[in-house]
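Visitor: Starting from these lines, generate the structure:
(2 chains)
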Protein chains: 2
Amino acid sequence: MKTLKVDLDDRSYPIYIGADLLGVADLLLPHIRGGEVMVVSNETIAPLYLQPVLEALSGLRCDSVILPDGERYKTLDTLNLVYQALLEKRHSRKTTLVALGGGVVGDMTGFAAASYQRGVNFIQIPTTLLSQVDSSVGGKTGVNHALGKNMIGAFHQPVAVIADVGLLDTLPPREFSAGLAEVIKYGLIADPDFFQWLQDNMSRLMARDRAALIYAVEVSCANKARVVAADERESGLRAILNLGHTFGHAIETEQNYQGLLHGEAVAVGMLMAADLSQRMGALSGADVQGLKRLLTEAGLPVQVPSGMTVAEFHRHMAVDKKVADGIVRLVLLRSIGDAYICSDYDAALLEALLASYCTV
Amino acid sequence: MKTLKVDLDDRSYPIYIGADLLGVADLLLPHIRGGEVMVVSNETIAPLYLQPVLEALSGLRCDSVILPDGERYKTLDTLNLVYQALLEKRHSRKTTLVALGGGVVGDMTGFAAASYQRGVNFIQIPTTLLSQVDSSVGGKTGVNHALGKNMIGAFHQPVAVIADVGLLDTLPPREFSAGLAEVIKYGLIADPDFFQWLQDNMSRLMARDRAALIYAVEVSCANKARVVAADERESGLRAILNLGHTFGHAIETEQNYQGLLHGEAVAVGMLMAADLSQRMGALSGADVQGLKRLLTEAGLPVQVPSGMTVAEFHRHMAVDKKVADGIVRLVLLRSIGDAYICSDYDAALLEALLASYCTV
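Guide: Here you go, the predicted structure:
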């Protein structure tokens, strides 16, 4: 087992990365004060993994609430089920929430923890590759609104994260690949050596080799933790983590979150960002082709869904959180492993990019 | 005009206290970055005071959203109206919310600001005495849940508070008195000189003498700011601000928030806390009678609503946030002007107190 410390002053916390960590009480109990726990999971994950977690917590006053599964349930209404359970069971402000599930469960549980009685502790047990490498680091929590993704939320750090790569055995292939998109992202934005390692080891990851997964999760989390530690509240640097997300969110919004998975949309978005970077003279054609090959090897899409138009991209990008003073800021690449935030790109190049990716 | 600084490191902010401050652009504009503003008000206050605020903000991109009036609308559903307005008008994370209204508007606007895009700035313009002395200092924001008051929320500090006592001219007498309950509270918990001043000057306050009001608001805010600065996240000391609130919340909950006003319930609760303190040997009978007289002079109730039972008190107090590890903690008085948090009171004395206040 590897332990990675996310360094955020008095909000610092450990990420435990390994296999067979789920039922290990010694990892959970030191992070629970007050003797009350509410495990939040969903209807897909609970039958697989809830029991060992409850057993590890036996001896505490432990309740659980099971949410419907899916991004479309990441809403204020579903959040209210968590509040309801906490209040019905009379949990005090010393309770600890445990998020057992993927990014949706993690984001909602985190926001419930941020807002129940104005803030209680929470522990993340991410059960998808995406949430292990992405949403378990950074403290972003929240829910979607009909008019925009992740528009309601808070920054709230967990007290611990337990990333058990053994849980990925039950992850459907598409979701596994979607997680790899974010893994590839960390290589692209900040770690050229890791990007090279991914090109050399993608077949091991696709075979869900545990040692390779532990390494990939650890390096991804370490890269993210470094960026987050430098900019916890996303005032600047941290925005580079959104590589591919502005284009990706536009795709997800246009599909009403019922088409590509988040990671799949980000994969397309990263390729578009790399392509635009090449059009601006930064990356080589070989860089972009190498990325396209790696994404394909990881089982990820590299095309905009057919039928989506340039106008639809513009419309959805305009409401994106990365709009400052009316200008859409994009995360672009100076080279593989070196991302930056750009607001003075040539609008004509963006138009040409969008036109080349939109089939209508 | 008086300016009081609330000292919270990088979250410090000024409270401007005076008369005729509402349309003064110079007070508002320095606290608005990014040029976007959303004024949140309610259907009672907006017809009276929205126009001068909008005029002071002319030149900025300024929108407004009008909420229904009343504590029963302090819900997630009403909060969603604010999110909806922000998203429909495409406000970015650089927007500033302005809360123009009483405590309900302030609490909801503050929580909307805490959670819109994970946190934006907000300014408070409290229009009731209660919100001027209480909810505008301390950073507590949130909404009620059907199962408990203020159970969902966040700590989020405003960037400025503008307390215009001229706005109190239109405040109905019951609401004005309810605000006086919190003013009296600051004398009781932390400021014996101010308590004496209140006994000497209650008739001026009841006549809404502006100089007296400015002084009372200033001293109340200064007392609260001192307590909050010492304990921003309510881990200890700050709980003394809840004098009278445990009993008061029980009354409000039992009446489903449709009987006594918050301040009225707190008035009864403070008298009960003082009475229990006397039963424990701390206060004199004269102290308790003096408080009862002052509350009466301020137009406040001094009796538990008829029909409420001891069992109902116990039931509602058990879910109160001040319950730690199953024990209801109470704020009691060592003397007038010296409150403390007590969890080792004699249960029999509490029973006797409740029995003496409950008529059935």
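Visitor: What's the local residue count around the closest residue to residue A:116 other than its chain neighbours?
Guide: Closest residue to residue A:116 apart from its sequence neighbours, by C-beta to C-beta, 6 or more residues apart in numbering or on different chains: residue A:86 at 5.6 Å. No exception for glycine: its C-beta is placed from N, CA and C like everyone else's. Neighbourhood size, residue A:86 [other C-beta atoms under 10 Å in any protein chain shown]: 28.
Visitor: Residue A:61 now?
Guide: Applying other C-beta under 10 Å, we find 14 residues neighbouring residue A:61.
Visitor: Touching, it and residue A:35? I think so.
Guide: Yes - the pair residue A:61 and residue A:35 passes the contact test of C-beta atoms under 8 Å, sitting 5.8 Å apart.
Visitor: Which residues outside the longest helix anywhere in chain A are in contact with it?
Guide: Scanning chain A for the helix with the most residues, using DSSP state H, yields helix A:210-230. Contacts of helix A:210-230 from elsewhere in the structure, counted by C-beta atoms under 8 Å, 6 or more residues apart in numbering or on different chains, are A:2, A:4-8, A:15, A:17-19, A:129, A:132-134, A:136-139, A:163, A:165-166, A:168, A:182-183, A:186, A:189-191, A:194, A:197-198, A:201, A:204-205, A:237-238, A:240-241.
Visitor: Tell me the residues of the stretch 101-250 of chain A that contact chain B?
Guide: Listed as neighbours of chain B in the stretch 101-250 of chain A under the rule C-beta under 8 Å from any C-beta of the partner chain: A:111, A:114-119, A:140-142, A:145, A:147-148, A:151-155, A:233-234.
Visitor: which stretches of chain A form helices?
Guide: Under DSSP H, chain A gives helices at A:25-28, A:46-56, A:76-88, A:103-115, A:129-130, A:173-190, A:192-206, A:210-230, A:245-254, A:262-279, A:285-297, A:310-318, A:347-357.
Visitor: Turn those into JSON lines, columns for mean pLDDT.
Guide: Formatted as JSON lines, the helices of chain A follow (pLDDT from 0 to 100):
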{"stretch": "helix A:25-28", "mean pLDDT": "94"}
{"stretch": "helix A:46-56", "mean pLDDT": "96"}
{"stretch": "helix A:76-88", "mean pLDDT": "97"}
{"stretch": "helix A:103-115", "mean pLDDT": "97"}
{"stretch": "helix A:129-130", "mean pLDDT": "94"}
{"stretch": "helix A:173-190", "mean pLDDT": "96"}
{"stretch": "helix A:192-206", "mean pLDDT": "98"}
{"stretch": "helix A:210-230", "mean pLDDT": "93"}
{"stretch": "helix A:245-254", "mean pLDDT": "93"}
{"stretch": "helix A:262-279", "mean pLDDT": "97"}
{"stretch": "helix A:285-297", "mean pLDDT": "97"}
{"stretch": "helix A:310-318", "mean pLDDT": "92"}
{"stretch": "helix A:347-357", "mean pLDDT": "95"}
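Visitor: domains for chain A, by residue range?
Guide: A:2-169, A:173-357 (automatic domain parsing).
Visitor: Most tightly packed of those?
Guide: Among these, domain A:2-169 has the highest mean neighbour count (mean count of other C-beta atoms under 10 Å in any protein chain shown), at a mean of 21.
Visitor: Just the terminal-to-terminal distance for that domain.
Guide: Taking C-alpha to C-alpha, to the nearest Å, domain A:2-169 runs 19 Å from one end to the other.
Visitor: close enough to count as contact, residue A:202 and residue A:296?
Guide: No - using C-beta under 8 Å as the test, residue A:202 is too far from residue A:296 to be in contact (9.9 Å).
Visitor: The residue of chain A most remote from its centre: what's it in contact with?
Guide: Taking C-alpha atoms, centre = their mean, the residue of chain A most remote from its mean C-alpha position is residue A:59, at 32.3 Å. For residue A:59, the contact set (C-beta under 8 Å, 6+ apart) is empty.
Visitor: Recalculate using a threshold of 10 Å.
Guide: Contacts for residue A:59 (C-beta atoms under 10 Å, 6 or more residues apart in numbering or on different chains) come out as A:25, A:29, A:35.
Visitor: dump the residue contacts of the first one.
Guide: What that stands for is residue A:25. Residue A:25 sits next to A:53, A:55, A:56, A:57, A:58, A:59, A:60 when contact means C-beta under 10 Å, 6+ apart.
Visitor: Let's see that with 8 Å instead.
Guide: Residues counted as contacts of residue A:25 (C-beta under 8 Å, 6+ apart) are A:56, A:57.
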